[in-house]
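Undergrad: make a model of this:
(2 chains)
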Amino acid sequence: MRGYVIKRLAQALGVLWAAYTVSFLVLDYLPGDPVSAMAGAGADSGQVDPAQIAELRHQYGFDKPVLVQYAEHLGKAVRGDFGDSVSTGRPVTSTLTEALPQTLQLTGAALLLAVVLGGGLAVSATYTTRRWLRQLLLSLPPLGVSVPTFWVGLVLVELFSFRARWFPAFGNDGLRGLVLPAVTLAIPTGALVAQVLAKSLLTALDQAYVETARAKGADRVRIHLRHALRNAALPALTIVGLLAGQLIAGSVVVETVFSRDGLGRVTAAAVTAQDIPLVQGVVVFGALIFVVANLLVDLVYPLLDPRIVVASARKARAV
Amino acid sequence: MKPYPDTGATRWTTPAALVTAAVLALSACSSSGGNSSGSGGAGPARAGGTLTFAVGSDAGCVDPQQVGSNDTIYSLRQVVDSLTDQDPRTGKNVPWLAKSWDINADATTFTFHLRSGVTFSDGSPLTAQVVKDNFDAVPDLGALGTLAQGYLSGLQNTAVVDPQTVRVKFKEPNAQFLQATSTHSLGIESSASVKKSPQEKCSKGVIGSGPFVLKSYVQNRSVNLAKRTKYAWGSSLWTKKGEAYLDKLVFKVVPEAGVRTGSLQSGQVDAIGSVGKADETALKRGQVDLKARANPGAVFNLGLNNSRPLLKDPKVRQAILFAIDRQQIVDAVFPTGTKPATSILAHTTPDYADLGADLAFDEAKAKSLLTSAGWKAGGDGIRSKNGATLRLTVTWFANAATNQPALELIQQQLKAVGVDVVLKEQQISQLAPTLQAGDFDAAWGNITRADPDILRSQYSTQLANFYRLPTSGLDSALTEQTATTDSDKRRQLVERAQKLIVRNAYTVPVVELQTQLGVAKKVHDLDFDASSRIQLHDTWIG
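TA: Predicted structure coming up:
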């Protein structure tokens, strides 16, 4: 078990390092840098003095060789210091921690909705004996995954804010302001939950133990919920990490459409301004959430299904 | 350890996808354009109330001396007063914080006589020393405050003559400085604010003497302002004396254009910025007025690189100028009321001259100019000479939603006369480096400035000369206009400069930028200033 944990931890650190490095290289490869972006924004006048730009670039260390910049930044990042945002001058970490609660609120609500709605859909689709209804219900998740979140958000705003006027169209204020963004974000997430759960439910229902239970005279509801769902939920747990990634990525779009504060908006703004320190902070932070979620799943899983550690231990010994 | 093989493989690919998404999302700023209109006629003006204004973006900075984007200027303009104001109808500068001023004959020395009794919102008084502190600090903003420091370039010193008199001296004649004193960029901040670092001013805001005070700023979310009580030193242009009508101004950042439009229609906000052509139809149905005014300054133009062999030939440049059907571009792409270019300057710029006849669409003339320059049409209609194809690469930046459709239309129009246009999109961060390096055939852009001196900063060969113009009589016209305080003489010189630029086709003017706002009908007297930004002191809700 210890070997298993160490291996997972090493893998997680590897992913974090890769995320940092790839984002650094990509940002470095892009033409321009935050300083010229800043000057460009006000350069209406075309009167920017190249010497001043050079000075500013020096101040932020963008004139150093790439490898030196990389090593310096990585060294600091390891200690949790991502430097200051170029566009606002504020520390990256405090920008992120201030935005985090808003995004957690949004993604938390969306995840809850997604699990309830997606799970409900999967259970009802596999429970019903009417063929047409099952087909209909099972066709919803692919639809939910494929419609663009952006479009869903705009349609919801149009219907429930501009026409019905039940909810505000923008802002972070109160529970009412949370409803539309959370629903928008929950649609693709819930669809994914439904897809995975429905598939594993169908597999579980074909298993011999279901047959046994039925032979013993258990009723359908009991078989479906007690026997099949319990076993089917295990594989579905593995996608929690995937959901975390999807929720973070989705928040960029949802927060922009609904003008909400949060990590997503910070990301969009940072990328537009080519604010390298902030973008790096966002990427590593996103990767961290993702990695932690996956790590937890990997660590919890063996506790729920002991066969996994046994299997990996056996494999390790064989090597 | 793959309990669920279907998803196991994809789980680890998401961080990579995140990186890609973040990088690809690089894009689009919004821009906007301007026409003046006073409303009123709805009973007596009423004091009180809150105006909620939705803008599309946040510059991440609340220091008027450092920002350049309309969306941010709308709010910050209300916080600071300027030495002078500029009349949007005449372009003349009129008293504001300075009750009068003297300019010496060659426009190198400007003496301002300050109004007395003006205080900043921290209680400190406006004195000549405060103005000096501001002008001493602005050049240190450097690239962080390009507009402000550009206006003060060539500054020799600022001297306190007496507590209410300040003298600003330049090394070279600098006639544009008077208009510059009316801009938000040279808005006067309290001495305490001026002493802070640029970064601190950006994030915490500044203390001004304006009709509204900055109460709070949350990045990417909102700017909140409250009325300055006992304000009594408004611009001489304003109709209301004393403090503003409105109690509060709330600027919300709403990036999505459709959400801004819907929010205005459904009454969730009172006014919105950056109204595009696509939003007009929806807005016209509601209780909304569309207000528009052309931005003064250089119109959207194809800034030609005059050092390129192809573009050294005036016939080729002129052919491009005549091949563009400006009205068609306006009708297809730009908000209603936008005017095709009738000079290199927009018609709202002081000393603008109407050269519409020189910019009329004439396909036959374009073709014959190209033929006489030796460019012969080939089988595909594209011309060539000595084996070289007549190809023009147009570099553009995603800083306005209209750029791409406008340029695609230009591409078609030029193809009709045998010019192959290649469009090259660049990140906005590449704007300054591209122009500096001269790495372009033609660059698409405009510049907002309510003073004709913009022509000198763009086209004088003695300055940056991004468009690589040859030295010519244009230089002397541009230099002389900045050295005269005689308004008639300056107008003649500026007119001569415009004619030289347009008739030599050093650049190809295409269309004016128009700022368009959507304003609820219950909001009155929300007016454009000379730079097509807004002043909200006279605005009231009834």
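Undergrad: helices along the stretch 151-300 of chain A, start to end?
TA: Secondary structure of the stretch 151-300 of chain A (DSSP state H, counting those that start in this stretch): helices at A:176-205, A:208-215, A:220-222, A:230-237, A:240-257, A:263-272, A:276-304.
Undergrad: what is the fifth one packed up against?
TA: Under the contact criterion of 3 or more C-beta pairs under 8 Å, 6 or more residues apart in numbering or on different chains; DSSP states H and E, helix A:240-257 touches helix A:92-127, helix A:149-157, helix A:176-205, helix A:263-272, helix A:276-304, helix B:5-11, helix B:14-24. The C-beta positions use only the backbone N, C-alpha and C, and glycine is treated the same way.
Undergrad: low pLDDT regions in the chain?
TA: Because you didn't say which chain, this covers chain A. A:1, A:31-34, A:36-50, A:52, A:306-319 (pLDDT under 70).
Undergrad: could you do chain B instead?
TA: B:1-42, B:429.
Undergrad: how close does the residue minimising distance to the centre of it sit to chain A?
TA: With distances taken as C-alpha atoms, centre = their mean, residue B:448 lies nearest the centre of chain B, 3.0 Å away. Distance of residue B:448 to chain A, given as C-beta to the nearest C-beta, to the nearest Å: 6 Å.
Undergrad: what sits against that residue?
TA: Residues counted as contacts of residue B:448 (C-beta atoms under 8 Å, 6 or more residues apart in numbering or on different chains) are A:44, B:295, B:296, B:297, B:513, B:531, B:532.
Undergrad: ok, 6 Å please
TA: B:295, B:297 (C-beta atoms under 6 Å, 6 or more residues apart in numbering or on different chains).
Undergrad: how about residue B:470?
TA: Contacts of residue B:470 by C-beta under 6 Å, 6+ apart: none found.
Undergrad: buried ones in the host helix or strand of residue B:130?
TA: Element membership for residue B:130 (DSSP states H and E) is helix B:128-141. By neighbour count on 16 or more other C-beta atoms under 10 Å in any protein chain shown, the buried set for helix B:128-141 is B:128, B:130, B:131, B:132, B:133, B:134, B:135, B:137, B:138, B:141.
Undergrad: try stretch B:93-102
TA: So for stretch B:93-102, counting by 16+ other C-beta under 10 Å, buried means B:93, B:95, B:96, B:97, B:98, B:101.
Undergrad: nearest to chain B: which residue in the stretch 51-200 of chain A?
TA: Closest approach between the stretch 51-200 of chain A and chain B, counting by C-beta to the nearest C-beta: residue A:89, at 3.2 Å.
Undergrad: skipping adjacent residues, who's closest to that residue in space?
TA: residue B:199 (3.2 Å; C-beta to C-beta, 6 or more residues apart in numbering or on different chains).
Undergrad: are we agreed that that neighbour is in a helix?
TA: Yes. Under DSSP: H, G, I helix; E, B strand; the rest coil, residue B:199 falls within a helix.
Undergrad: burial check on the residue of the stretch 51-200 of chain A closest to chain B, number of neighbours?
TA: Residue crowding around residue A:89 was assessed by other C-beta atoms under 10 Å in any protein chain shown; the count is 17.
Undergrad: closest one of the buried residues of helix B:128-141 to chain A?
TA: Of the buried residues of helix B:128-141, the one sitting nearest to chain A (C-beta to the nearest C-beta) turns out to be residue B:141, at 9.2 Å.
Undergrad: list the contacts for the closest one?
TA: Applying C-beta under 6 Å, 6+ apart, the residues contacting residue B:141 are B:149, B:198.
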